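1. mind folding the following:
(one chain, ligands or ions: 2)
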Amino acid sequence: MYLYNSLSHKKELFTPNNPNVVKMYTCGPTVYHYAHIGNLRTYIMEDVLEKSLRYLGYNVLRVMNITDVGHLASDADTGEDKMLKGAKRENKSVMEIAKYYTDAFFEDCRKLNIKIPEIVQPATGCIAEFIQIVEGLLEKGFAYVAGGNVYFDTSKLDKYYVFNDHDEEDLAIGVREGVEEDTNKRNKNDFVLWFTKSKFEDQALKWDSPWGVGYPGWHIECSGISMKYLGEDLDIHAGGIDNAFPHHTNEIAQSESYLGHKWCNYWFHVHHLNTDTGKMSKSKGEFLTVSLLESKGYDPMAYRLFCLQSHYRRNLVFSWENLDNAVVAYEKLIAKIAALKQDGEVDMAAFDALKERFTNALNGDLNTSVAVTAVYDVLKAKTNDATKLAALADFDQVLSLNLIKAAETLRKKEAEEAAAADPEIDALVQARTDAKKAKNYAEADRIRDALKARGIEIIDTPQGTKWRRV
Ligand code: AMP
Ligand code: ZN
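-> Ligands and ions are numbered 1, 2, ... in the order given. All right, here's what the predicted structure looks like:
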């Protein structure tokens, strides 16, 4: 598989350290609010990456953190802790909102068919591991204590800006919301490993440490959790593009200084979901969630398809019109699949040819839009339906669009509708509609009442009048 590696700035043939297992780490959510559909774009594409690797025959061991402490309003270590901000907003404790939004995140993943990684670790459960790394960095001279906090000293590195081909706009996004200067820092890019003194003395969660009672910086969480479960060598580290700087840059700085060798070989960054006013972000206040899409009648699968239709290294523009187009595409696709019949044996030669196109798309830097086209190729292929159904079920291991299940549900619904059909009642309903049109309301009511007496309810909808047995 060829994957674009943000570290080398080119597509590389993916080769894991150990051919038997790919070690993959993903930055998880900061659980102070619902995930917005932009965050979920990143999780969907990471899910597709993991499933593609499995599809291509790798074992994958994947770890994700849950940030429940230490992520300040600005990624550059200033401002209030996001968790505390969330707790104040909702008049709850930090642990209460962490639990609530972690569960909400899992629920969103379930709705979007995002597989939850084998290991999901809240940061508050690994404080001892973070302290150990900070101690190691101090011992090796890569860190210093100033004003009660422990900082990483970026001047000790040969190279700090490892992802420096990202455009300035992306780099700037990493340093969100009013950055205040921290006079304890020796160098502009130094970052906090451990806080004991912050402007926010009412920080809810604190732990004892060699430097006093305090809490970890956000960046150390991912290094610590990754090393705890995946060891000293990581194959793939994934996250949204805004994490490249400063978060991932700092993760590399501290991990490699601590370990004394290269840490992670491939960096996978998903680009942003934007609206017409720019990046979708929680700090702007208004953001869209999966539940909101559902409350407007959208199937989460249509959003998943919308994400898969574009490449992960391109910004994706969200608009209701674009989402509506994905809904139409999804419904048409499912209707076509529902029309296929199990009509005998799978033609293995035809199946392999279809699979090859799909596999090539994944191998080419996870080209999901071409992979979706491969689904349409199946429907157009000159082979029997059994082969098509087998290919679609096979592809859906990666795409996770419920292709077979949704088609079955549709088939069942159509069969039920057909079984319930009754031309006599259709004619009476039509007669009532005609009577209403002719302003003969007495006749219209008479028909309605007569139908009611037979257990038939009439429902007037913008798409016309329907009926059902009650
Ligand atoms: P957070 O919960 O804010 O730490 O973000 C969770 C994940 O979503 C991170 O990997 C971010 O890089 C990513 N992310 C944030 N905003 C967007 C966006 N508008 N589009 C895609 N991914 C995003
Ligand atoms: Zn991280």
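2. next helix or strand past the helix-or-strand element of the chain with minimal mean pLDDT?
-> Within the chain, confidence by mean pLDDT, DSSP states H and E is lowest for helix 168-174 among all helices and strands, at a mean of 48. Downstream of helix 168-174, the next assigned helix or strand under DSSP states H and E is strand 191-195.
3. in its sheet, what does that following strand sit against?
-> strand 149-152 (antiparallel), strand 215-216 (antiparallel) (DSSP bridges).
4. who touches the last one?
-> In this structure, residues lying in contact with strand 215-216 by C-beta atoms under 8 Å, 6 or more residues apart in numbering are 69-70, 81, 123, 127, 130-131, 134, 193-195, 203, 205-207, 224. Heads up, the C-betas are built off the backbone N, CA and C, glycines and all.
5. quick one: closest of the strands paired with strand 191-195 to ligand 2.
-> strand 215-216 (12.2 Å; C-beta to the ion).
6. quick check: residues of the protein near ligand 2?
-> When proximity is defined as C-beta under 5 Å from the ion, the chain approaches ligand 2 at Cys27, Cys222.
7. can you do 8 Å?
-> 25, 27-28, 65, 67, 218-219, 221-222, 239, 243, 247-248, 251 (C-beta under 8 Å from the ion).
8. tell me the contacts of Val346?
-> Ala386, Thr387, Ala390.
9. any regions of the chain where pLDDT drops low?
-> 70, 73-79, 165-180, 198-202, 283-285 (pLDDT under 70).
10. tabulate the strands paired with strand 191-195 (CSV), appending mean neighbour count.
-> Shown next, in CSV, are the strands paired with strand 191-195 (neighbours: other C-beta atoms under 10 Å):
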stretch, mean neighbour count
strand 149-152, 25
strand 215-216, 24
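11. what's the closest of these to ligand 1?
-> Among these, strand 215-216 comes nearest to ligand 1, with 15.2 Å by C-beta to the nearest ligand atom.
12. thinking again about what came up before, closest one of the contacts of Val346 to ligand 1?
-> Distances from ligand 1 to the contacts of Val346, taken by C-beta to the nearest ligand atom, are shortest for Ala390, at 33.9 Å.
13. just the element for that closest one, please.
-> Going by DSSP H and E, Ala390 is part of helix 385-399.
14. who's in contact with that helix?
-> Outside helix 385-399, the residues that touch it by C-beta under 8 Å, 6+ apart are 48, 51-52, 54-55, 308, 337, 340-347, 350-351, 354-355, 358, 362, 368, 371-372, 374-375, 378-379, 381, 402-404.
15. what do you get for stretch 205-214?
-> Outside stretch 205-214, the residues that reach it (C-beta under 8 Å, 6+ apart) are 68-69, 83, 94-95, 124, 127, 131, 134-135, 145, 148-150, 194-197, 215.
16. next, the buried residues of it.
-> Leu205, Ser209, Trp211, Gly214 (16 or more other C-beta atoms under 10 Å).
17. so which of those are also by ligand 1?
-> The subset of those within reach of ligand 1, counting by C-beta under 6 Å from any ligand atom, is empty.
18. skipping adjacent residues, who's closest to the residue in the stretch 151-300 of the chain that ligand 2 sits nearest to in space?
-> Proximity of the stretch 151-300 of the chain to ligand 2 (C-beta to the ion) peaks at Cys222, 3.2 Å away. In this structure, Cys222 finds its nearest non-sequential neighbour in Glu251, 5.2 Å apart by C-beta to C-beta, 6 or more residues apart in numbering.
19. now the element after the helix or strand where Tyr330 lies, going C-ward?
-> Taking DSSP H and E as the definition, Tyr330 sits inside helix 320-338. Sequence order places helix 348-363 as the next helix or strand after helix 320-338, per DSSP H and E.
20. that following helix - contacts with which helices or strands?
-> helix 37-55, helix 368-380, helix 385-399 (3 or more C-beta pairs under 8 Å, 6 or more residues apart in numbering; DSSP states H and E).
21. thank you kindly, that will do.
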